[in-house]
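**Student:** sequence and predicted structure are below.
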Protein chains: 4
Amino acid sequence: MPAPTHIFTPPFNIVRASHVVLDVTDLGRSRAFYEDTIGLHVEDADKDAVYLRAVEERQHHSLVLRRADGPSCRRLGFRVGTQDDLDKAAQHFRELGLPADFVEQPYQGRTLQVSDPEGLPLEFVASMVRREILLQKYEHYRGVRPQRFDHVNIFAPDVQASLDFYAGLGFRLTEYAEEDGPNGRIAAGWMHRKGNVHDIAFTNGRGPRLHHFCYWTPTALDIIHLCDVMATTGHLANMERGPGRHGISNAFFLYVRDPDGHRLELYTCDYQTMDPDHEPIRWSLRDPRRQTLWGAPAPKSWFEEGSRFHDLADREAAFTANVLVAS
Amino acid sequence: MPAPTHIFTPPFNIVRASHVVLDVTDLGRSRAFYEDTIGLHVEDADKDAVYLRAVEERQHHSLVLRRADGPSCRRLGFRVGTQDDLDKAAQHFRELGLPADFVEQPYQGRTLQVSDPEGLPLEFVASMVRREILLQKYEHYRGVRPQRFDHVNIFAPDVQASLDFYAGLGFRLTEYAEEDGPNGRIAAGWMHRKGNVHDIAFTNGRGPRLHHFCYWTPTALDIIHLCDVMATTGHLANMERGPGRHGISNAFFLYVRDPDGHRLELYTCDYQTMDPDHEPIRWSLRDPRRQTLWGAPAPKSWFEEGSRFHDLADREAAFTANVLVAS
Amino acid sequence: MPAPTHIFTPPFNIVRASHVVLDVTDLGRSRAFYEDTIGLHVEDADKDAVYLRAVEERQHHSLVLRRADGPSCRRLGFRVGTQDDLDKAAQHFRELGLPADFVEQPYQGRTLQVSDPEGLPLEFVASMVRREILLQKYEHYRGVRPQRFDHVNIFAPDVQASLDFYAGLGFRLTEYAEEDGPNGRIAAGWMHRKGNVHDIAFTNGRGPRLHHFCYWTPTALDIIHLCDVMATTGHLANMERGPGRHGISNAFFLYVRDPDGHRLELYTCDYQTMDPDHEPIRWSLRDPRRQTLWGAPAPKSWFEEGSRFHDLADREAAFTANVLVAS
Amino acid sequence: MPAPTHIFTPPFNIVRASHVVLDVTDLGRSRAFYEDTIGLHVEDADKDAVYLRAVEERQHHSLVLRRADGPSCRRLGFRVGTQDDLDKAAQHFRELGLPADFVEQPYQGRTLQVSDPEGLPLEFVASMVRREILLQKYEHYRGVRPQRFDHVNIFAPDVQASLDFYAGLGFRLTEYAEEDGPNGRIAAGWMHRKGNVHDIAFTNGRGPRLHHFCYWTPTALDIIHLCDVMATTGHLANMERGPGRHGISNAFFLYVRDPDGHRLELYTCDYQTMDPDHEPIRWSLRDPRRQTLWGAPAPKSWFEEGSRFHDLADREAAFTANVLVAS
């Protein structure tokens, strides 16, 4: 019962993972996938971009699709506490010699765009245009009934370095996978700000690349229904892994690929982590239940494929984990 | 899109509602109710007390049952960030002229016991004895499969005063019910620290009394199964209200009464509230969907009955709301 | 273990309850209700009628809505085994001095229309136009995801007489409610042909009137979602009773009223009854769990209101049950 | 709309698949598996046998476990309509030159034991000792909450011959898988008596062997919970396939292996088939959604392994299907 004596004060206050910006090669096709099959709500659209949100979200968008010549991930978005936090964030990144630029972005206003030491393109906002609450407009529940954006997962060439950098931003580790033995290297880590299992995770692999982004759904039956719909509407090939129960996070999950191959996770029922004395859970890379509690293996594509970040070269992982990782 | 410019810094850091201590008149009977019917896990027990927790909780207990001559609520427990926060909390209450005493409590160590201005007996802890994680020990899932303690709800004789005091402790309002019109008085309010709809709520009525405490369950079907079990094991009279969908919080719920009449809510699937610019939702007292989205009325007992706090006199509400409230 | 020595051979083979024909006063409004809110599939429509079916049904329709000046139930439809059964049925009714006429009906061809001794308008078909199987066209699952027509329930002025007549058609009793005591009269009975709890039920009351017709849904969560949708799309007043668990049948249920007041039940998960030695379950009228296992009372409207049959006078029940009945 | 003109009248009336008798090598271990993990109710037990049933079943048992030196399936049980049907069944089998013997069996009384042309050991009963209805004794719902015995599935060396023989007993085909092309051979067939997808199925393979027997569960979430329990109580290796959605039958399913390797399916939500004009669904062996709508392949063990029947030699299949079959 060693009570914590202090809590690390981060340089600025990140509240949660907020949104992701994706380049897609056929805007109409991608919109149809996310709107009709997945069930996100299109909040605004023009000829070059579509803005979508889930029913619980009051902010304008949590997913931006942009017309482009090739698929990539443009930005990972995070919500900070206040405008003051944006300024502190800019200062923090600049002091580290990292890019940090303020831009105006549609529907989200003053936006700080930065890169982490690996070149990962992040953006921070203190607010967005607010829209009508849809949570109790149940006629808008469609598809898998996505409720809210939950997290992003990144292929990282040096997981330990990424975990260290994001710990310095105030992210706290909840679960991790490492090699056994005295010199076991960490192969994956899950970190949170908002009080559940993660806002961002890093998994050993060629990168930086986006492994997936994730929406929370109300129940496992919503995910089962999505499987039934996808399997019978020509989307069988888009169902990559699951449904199943994660060992890590304990969530019920499904991974699907969008028309450009961007990977989306549907996810429900993880757990709370806001206690300052919350201890991270260690998983051995040898434990097969880490990835899927029920033992079903993930396909090779799931371990190897991801979305590149725009204009960012990726590189090999620092080591080859003796067992494939991620979750 | 008026971005917040600052966030109120509370005098000390309350993390979340953590536990409740109840006096019960037949310890064996109450243990059987919470262990066998509800499905909480008995972590420790002696002849005078039983300590229970839910499967997600790593802390020793979230419910303490104490043998007593008459039923009452002894304490409402909250988790703070650090030992330092306990000291700041003591200072804060003493500066307000309110009682604040440090005691040693079994399995939770250094504990600060205070009273709020209405006399409500609270206690703060920075940690508890930790126990084995049961979240993935699925053979321990029983009854309604309670996952974690969620919140407490208090009958308050002066809701506005209570909301003001707890706002001063850093609690943030998420939803409230008030009379219509220019001088409409607030009749109920829901406040959080942990990032969902509430850790504590206040509802207009004779008080202070405990209206209910609440556990989160994984799915609505778990709550439906509890109804089936209670209805067929002699507990029909203990099912007071529901199941149904709350207007306020949007959660699926059931209220049951324990053998001494203490009220327990089972609850699943509300929403996130951690954004600093999260605006509270106003409900008119005239809107019947506030209490139950589907329109079923709550019984009279639910509006009138509650657990008294030990050695604390209650008093009439400051006004009679023109429609009964709570949720 | 008294094994059955013989099974009653009915005069012709009724397979199951098949469809219902309703007069409605605003065809567009009723179509919108059943198609958009409930989620039935419109198979054909013209200016005077709309034909709907559920996803499991291969037959052309299980619900026919007809434009009319006033609301009523036109016909209750049953499927028989063969064309030969239609002829035997005509002979059976005529021998009893009851009306029996062959007509051609759209999409169902040769149809035998008869009246039972109370004047209840039935029709028998041996087949219908068949349509594409939708069970695995999951994009057609909408609303409460109705899967198949299940049964009808009739207000009968003389329940015992109705049960006797339908037993003579081969219907078998599965559950019944009666007064206590040596001279207790039967107040309601549930009868089946297809092997679950019922195809038709009779409940004491002014009649004959249609109490309700019923569709089976895949899960209780589909019914909960319908509640959420109806409550938030202006249909709160159409939700009459439930959701809940029936004592009788053990099914999870919801009763709704359509725009003309016709009552529809959504229902899932009863049990099998095809064993010839299956014994009916008796419920005392004094047992409150008969109607709702969880104890919630049904509203007065549910006991009193029903759809009249076209051109059929109803009459008072033979007795007033000492407790209101139905399920 | 070609209405059926007659229905084949079988030589005697089989009502449904009723029970299975298994030899097991460690009676205590097998009892623990079916009682504690799966959740069947032990109705009677002695040192040599354990009798279990599911909550909906009023008959004494649907599963008999017998102590034996080696694992095998002893008997497949079916319910017939009356004692008279037993006599007609004996006559039918004897006229075909097949074994047919009356024996007294514990808790099921007069029992007719026969062999089909392949040597498959069947037994017919017209009734069993009846036990208290547990359907609304919800405290007995445990494990996967099995509700009723549903069907058996047999590896058959000559599927066409088996389908022909059982059609002669009145079983009706609902779905089948066959090779494409003008001379395509049938590789699997599903046949029913009780009005859902099957009571018995035959799949091409070395046989006769028992592929699996199956219990119906109330919801898919019960099956998901069983996965969670099995994965975390040392039964990971017993989870062979699923959970998933069958193409054939449309049911949600899971296959598990008991301690002796006998295969059990948990299954929910197929469809009704009692209409005499119900047409069987044809699946091409090339269609991967036949086995699992969502595309996940079944493991090799599932295609190859089964329980032998006691004292019955199996033989190779008549042909090798160009794609592995079963469902």
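**Tutor:** Perfect, I can see it now.
**Student:** three-state assignment of the residue nearest to the spatial centre of chain A?
**Tutor:** With the centre of chain A defined as its mean C-alpha position, the nearest residue by C-alpha atoms, centre = their mean is A:V152, 1.0 Å away. Using DSSP: H, G, I helix; E, B strand; the rest coil, the secondary structure recorded for A:V152 is strand.
**Student:** now do A:D36
**Tutor:** A:D36 carries the three-state label helix when classified by three-state DSSP.
**Student:** in space, what's closest to it - neighbours in sequence excluded?
**Tutor:** If the residues on either side of it in the chain are set aside, A:D36 comes closest to A:G143, at 7.1 Å by C-beta to C-beta, 6 or more residues apart in numbering or on different chains. (Glycine included, C-beta is placed from N, CA and C.)
**Student:** show the pLDDT at the one you found.
**Tutor:** Per-residue confidence at A:G143 stands at 97 (pLDDT).
**Student:** separation between it and chain C?
**Tutor:** Between A:G143 and chain C the computed distance is 10 Å (C-beta to the nearest C-beta, to the nearest Å).
**Student:** quick one, domains of chain A?
**Tutor:** For chain A, automatic domain parsing gives the domain ranges A:14-132, A:142-308.
**Student:** near chain B at all, stretch A:145-154?
**Tutor:** Yes - using C-beta under 8 Å from any C-beta of the partner chain as the criterion, contacts between stretch A:145-154 and chain B involve A:Q147, A:R148.
**Student:** in PDB, list the C-alpha atoms belonging to that stretch.
**Tutor:** The C-alpha trace of stretch A:145-154 is given here as PDB (Å, rounded to 0.1, in the frame of the first residue of the first chain):
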ATOM      1  CA  ARG A 145     -23.100   2.400 -33.900                       C
ATOM      2  CA  PRO A 146     -19.700   4.000 -33.300                       C
ATOM      3  CA  GLN A 147     -19.900   6.100 -30.100                       C
ATOM      4  CA  ARG A 148     -16.600   7.900 -29.800                       C
ATOM      5  CA  PHE A 149     -13.000   8.000 -31.000                       C
ATOM      6  CA  ASP A 150     -10.800   6.100 -28.600                       C
ATOM      7  CA  HIS A 151      -7.200   5.800 -29.600                       C
ATOM      8  CA  VAL A 152      -4.400   5.500 -32.200                       C
ATOM      9  CA  ASN A 153      -1.800   2.800 -32.500                       C
ATOM     10  CA  ILE A 154       1.600   3.400 -34.100                       C
END
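**Student:** just confirm yes or no for the lengthiest strand in chain A near chain B.
**Tutor:** Secondary structure assigned by DSSP state E gives strand A:14-24 as the longest strand of chain A. Yes - contact between strand A:14-24 and chain B is present through A:V15, A:R16 (criterion: C-beta under 8 Å from any C-beta).
**Student:** and the very next helix or strand once past that strand, what does it pack against?
**Tutor:** Of the helices and strands lying after strand A:14-24 in sequence (DSSP states H and E), the nearest is helix A:27-32. Secondary structure elements in contact with helix A:27-32, counted by 3 or more C-beta pairs under 8 Å, 6 or more residues apart in numbering or on different chains; DSSP states H and E, are strand A:49-53, strand A:63-67.
**Student:** residue of the stretch 1-150 of chain A closest to chain C, please.
**Tutor:** Closest approach of the stretch 1-150 of chain A to chain C (C-beta to the nearest C-beta) occurs at A:Y138, with a separation of 4.2 Å.
**Student:** run a quick neighbour tally on that residue.
**Tutor:** In terms of burial, A:Y138 registers 21 neighbours under the definition other C-beta atoms under 10 Å in any protein chain shown.
**Student:** and the pLDDT at it?
**Tutor:** Residue-level pLDDT assigned to A:Y138 equals 97.
**Student:** for the residue nearest to the centre of chain A, which residues count as its bridge partners?
**Tutor:** Applying DSSP bridges to A:V152 gives these bridge partners: A:I200, A:F213.
**Student:** where along the stretch 201-327 of chain A do the strands fall?
**Tutor:** If DSSP state E, counting those that start in this stretch is used as the criterion, the strands of the stretch 201-327 of chain A fall at A:209-216, A:239-245, A:252-257, A:263-268, A:281-284, A:307-308.
**Student:** dump these into TSV; add mean neighbour count and mean pLDDT as well.
**Tutor:** Conversion of these to TSV gives the following (neighbours: other C-beta atoms under 10 Å in any protein chain shown; pLDDT from 0 to 100):
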stretch	mean neighbour count	mean pLDDT
strand A:209-216	24	98
strand A:239-245	22	96
strand A:252-257	24	98
strand A:263-268	24	98
strand A:281-284	16	95
strand A:307-308	22	98
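**Student:** can you tell which of those is closest to D:R315?
**Tutor:** Between D:R315 and the strands of the stretch 201-327 of chain A, the shortest gap by C-beta to C-beta is with strand A:239-245, which sits at 38.1 Å.
**Student:** what about that closest one, near chain B?
**Tutor:** No - Strand A:239-245 does not reach chain B (C-beta under 8 Å from any C-beta); its nearest approach is 8.8 Å.
**Student:** same thing with stretch A:55-73?
**Tutor:** Yes - under the criterion of C-beta under 8 Å from any C-beta, stretch A:55-73 makes contact with chain B via A:E56, A:R58, A:Q59.
**Student:** surely A:G184 and A:E178 touch.
**Tutor:** Yes - counting by C-beta atoms under 8 Å, A:G184 touches A:E178, with 4.6 Å between them.
**Student:** between the two, which one's more packed in?
**Tutor:** Neighbours were counted for A:G184 and for A:E178 using other C-beta under 10 Å; A:E178 has more, 19 against 14.
**Student:** quick check: beta-bridge partners of that one?
**Tutor:** With DSSP bridges applied, the residues forming beta bridges to A:E178 are A:I186, A:S284.
**Student:** residues in contact with it?
**Tutor:** If a contact means C-beta atoms under 8 Å, 6 or more residues apart in numbering or on different chains, then A:E178 has A:G184, A:R185, A:I186, A:A187, A:R282, A:W283, A:S284, A:L285 as its contacts.
**Student:** returning to that earlier point: now the residue nearest to the centre of chain A: how far from A:A90?
**Tutor:** With distances taken as C-beta to C-beta, to the nearest Å, A:V152 is found 21 Å from A:A90.
**Student:** do the same with A:R148
**Tutor:** When C-beta to C-beta is applied, the distance between A:R148 and A:A90 equals 27 Å.
**Student:** show me which residues of chain A sit near chain C.
**Tutor:** So far as C-beta under 8 Å from any C-beta goes, chain A lies against chain C at A:136-139, A:141, A:219, A:221, A:225, A:228-229, A:231-233.
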